[in-house]
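**Q** structure, please.
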Amino acid sequence: MIYNIGVIESEVEIFNNIQGDLSDFMLCKASRGDYVVAWLAYGVFFGKVGNGSIEFFNNEKPDYEKYLVKLRVFNKNRELLIWRSGEIFKGRLRTDGEGKDKVEFIDADQILLGTKSEDCNNSEFSRVTDGKGTNFIMPFPSLNLTDKKRLVLTTRNYLDSNAIGQTGIIDSRFVIISMKEF
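**A** Numbers count the residues shown, from 1 in each chain. Coordinates of the predicted model:
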């Protein structure tokens, strides 16, 4: 597979100790329609940012303070990453198309597990399975997945060189979840 290296302006803001309510913090940095992936101690949840809240299937309201391991809120231009570090939460907000720093990047597509889907209770969500144990609820209605029609997660991988000239990935962010046919 051949990857193209691009160059983009990208700005990074680091949060070493996020204080206060995590939901409020996330919504302050997010936009309506952004995707959300939350890794909790008891499962992985996919959702979207709605009108003043993060929307998961069945109006699930995770206790982030107690169970959050890692969370990504993202769209084509920006990603907020939050992770637990001991008893505190840290974060990183990366925004492309802003800032004065230019960075090289490679976009890569990851095919998500799941070749079957069904709508969930007339909602904006679908259950994705593969017959081998994979079971996710995704924030997309009427997916109609098959072996040749799959969900794909596009990641952006940022590159830089170290002091001895070795180039490697210094950061990665989620860009979009889309449908692709193979």
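**Q** just the strands in the protein please.
**A** Applying DSSP state E to the chain gives strands spanning 5-15, 35-40, 43-49, 54-55, 68-74, 78-85, 88-96, 102-111, 116-119, 126-129, 135-138, 149-161, 167-181.
**Q** for S23, which of those strands is the nearest?
**A** With C-beta to C-beta, the closest approach to S23 among the strands of the chain belongs to strand 54-55: 6.8 Å. Backbone N, C-alpha and C define where each C-beta goes, glycine included.
**Q** what pairs with the closest one, and is each one parallel or antiparallel?
**A** Paired neighbours of strand 54-55 in the sheet (DSSP bridges): strand 43-49 (antiparallel).
**Q** buried set for the strand it pairs with?
**A** Within strand 43-49, the residues that count as buried by 16 or more other C-beta atoms under 10 Å are F45, F46, G47, K48, V49.
**Q** where does pLDDT dip in the chain?
**A** For the chain, applying pLDDT under 70 flags the ranges 1.
**Q** what's the single longest helix in it?
**A** Secondary structure assigned by DSSP state H gives helix 22-29 as the longest helix of the chain.
**Q** D21: neighbouring residues, count only.
**A** Look at D21: counted by other C-beta atoms under 10 Å, it has 12 neighbours.
**Q** what of the one 10 residues further on?
**A** The number of residues packed around S31, counting by other C-beta under 10 Å, is 11.
**Q** tell me how far the residue nearest to I18 when sequence neighbours are not counted lies from N16.
**A** Leaving aside its sequence neighbours, I18 sits nearest to F89 (C-beta to C-beta, 6 or more residues apart in numbering; 4.3 Å). Note on F89: its distance to N16, by C-beta to C-beta, to the nearest Å, is 10 Å.
**Q** and the two? which has more neighbours close in?
**A** Counted by other C-beta under 10 Å, F89 and N16 do not tie: F89 has more neighbours, with 21 against 9.
**Q** ends of stretch 56-76, what's the gap?
**A** 20 Å (C-alpha to C-alpha, to the nearest Å).
**Q** buried residues in it?
**A** Of all the residues in stretch 56-76, those buried under the rule 16+ other C-beta under 10 Å are F56, F57, P62, Y64, L68, L71, R72, V73, F74, N75.
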